[in-house]
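Following is a predicted model, sequence given first.
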Amino acid sequence: MFAFLRLSAWFNVAVLAAVCLYLCYNGLPVISLEFLTEAPRNMMTEGGILPCIVGTAILALGALLIAFPLGVASAIYLNEYAGKTKMAGIIRLGVNNLAGVPSVVFGLFGLSFFVTFLGFGVSILSGVLTLAVLTLPVIISTAEEALRSVPDTYREASLALGAGKAQTIARVVIPSALPGMLTGAILGVARAAGETAAIMFTAAVFFTPKNPSSILDSVMCLPYHIYVLCTAGTEIDKTRPLQFGTAIVLIVLVLGMNMIALVVRDRLQQKH
């Protein structure tokens with residue numbers, strides 16, 4: 001069994017390495033300063049992807065800023081206050097079901113509710129809210145698991161010293177569980193940055209040469225840009241190297257976000 005698990009792990013690593021090598025082989029020749037700092041031009045067969053990088057970073061970080069506090073607050077309620085009541089069980093069931101819903105369903109929900117009903121239009125605000133709803137179940141689940149892993153002796157010691165329940169949660173439980181909560185944030189930002197279906201209806205546009213100046217502006221995004229280059233371009237053969245280059249940048253961007261979160265999490269773990 002250990003040999004099988006070890007073989008499975010190495011197989012996953014080998015597949016990941018093969019995909020990365022394939023992308024690098026086809027995409028590295030187009031990576032340049034111009035590619036990273038300029039907007040697309042000439043029917044997107046030339047220029048760069050700067051608006052796409054900016055749009056992806058804004059949407060992913062914006063979704064995290066909304067989903068992380070809401071997810072942590074929901075997890076605190078479920079673990080510290082709701083307990084094992086019937087209502088808490090229904091909420092947990094709903095969260096688990098939402099985690100398995102395809103992203104295109106969230107995209108259609110964002111289109112009908114944020115874009116049309118609330119009148120936000122195809123904009124950063126609609127995209128951020130849609131991605132926040134998309135990542136919320138993952139953050140709630142991981143945050144609740146992190147709270148559950150905090151020993152009850154921590155709570156008992158704090159209460160014995162005269163602290164109230166709210167003080168115990170704020171000053172003892174949350175700091176101890178924060179490294180685990182950041183795991184959910186890492187998973188959430190990685191999923192938000194790589195989503196296409198959820199933003200193609202709510203935030204992303206085919207082309208815009210400028211960076212956004214308002215949360216009601218639409219943006220270009222790396223995942224949607226790859227989709228456009230692969231399917232909707234007039235000269236797909238000319239844009240094929242750009243497709244691979246954009247995919248490399250997306251992977252590096254997600255990896256960079258994850259590395260920053262991992263460093264913060266490790267430092268918090270060392271303190272506690």
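Yes, it's here.

drop to CA atoms for contacts and neighbour counts, all remaining ones
Fine.

neighbours of residue 73, just the number please.
When neighbours are defined as other C-alpha atoms under 10 Å, residue 73 has 14 of them.

quick one: it from residue 261, how far?
20 Å (C-alpha to C-alpha, to the nearest Å).

Ok, residue 241 next?
Look at residue 241 and residue 261: by C-alpha to C-alpha, they are 31 Å apart.

And the two? Which one has more around it.
residue 241 (21 against 17).

residue contacts, the closest residue to that one other than its chain neighbours?
Of all residues not flanking residue 241 in the chain, residue 27 sits nearest, at 5.6 Å (C-alpha to C-alpha, 6 or more residues apart in numbering). Residues near residue 27 by C-alpha atoms under 8 Å, 6 or more residues apart in numbering: 241, 242, 243, 244, 245, 246, 247, 248.

okay if I get the residues you listed as a markdown table plus secondary structure?
A markdown table is the format used below for the contacts of residue 27 (DSSP: H, G, I helix; E, B strand; the rest coil):
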| residue | secondary structure |
| --- | --- |
| 241 | helix |
| 242 | helix |
| 243 | helix |
| 244 | helix |
| 245 | helix |
| 246 | helix |
| 247 | helix |
| 248 | helix |
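
Closest one to residue 131 out of these, please.
Using C-alpha to C-alpha, residue 247 is the member of those that sits closest to residue 131, with 20.0 Å.

Contacts only, for the closest one.
23, 27, 222, 223, 226.

How many residues are close by residue 182?
22.

Quick check: phi and psi at it.
For residue 182, the backbone dihedrals (degrees, to the nearest 10) come out as phi -70, psi -20.

Find the helix or strand that the nearest residue to it once chain neighbours are set aside is a member of.
Counting by C-alpha to C-alpha, 6+ apart, residue 182 lies nearest to residue 265, which is 6.3 Å off, once chain neighbours are set aside. For residue 265, the element it lies in under DSSP states H and E is helix 236-271.

Buried ones in that helix, by neighbour count?
For helix 236-271, the neighbour count (16 or more other C-alpha atoms under 10 Å) marks 236, 239-250, 253-254, 257-258, 261-262, 265, 268 as buried.

now do stretch 149-166
Neighbour count says stretch 149-166 has 150, 155, 158 buried, by 16+ other C-alpha under 10 Å.

What segments of the chain are helices?
Here the chain has its helices, by DSSP state H, at 2-27, 33-37, 50-76, 86-99, 103-110, 124-148, 152-160, 165-168, 174-194, 197-200, 222-231, 236-271.

In CSV, list those along with distance to residue 116 and mean pLDDT.
Converted to CSV, those look like this (distance: least, C-alpha to C-alpha, whole Å; pLDDT from 0 to 100):
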stretch, distance to residue 116, mean pLDDT
helix 2-27, 38, 92
helix 33-37, 33, 87
helix 50-76, 19, 90
helix 86-99, 22, 86
helix 103-110, 8, 91
helix 124-148, 10, 91
helix 152-160, 46, 87
helix 165-168, 40, 88
helix 174-194, 22, 82
helix 197-200, 14, 87
helix 222-231, 21, 86
helix 236-271, 29, 81
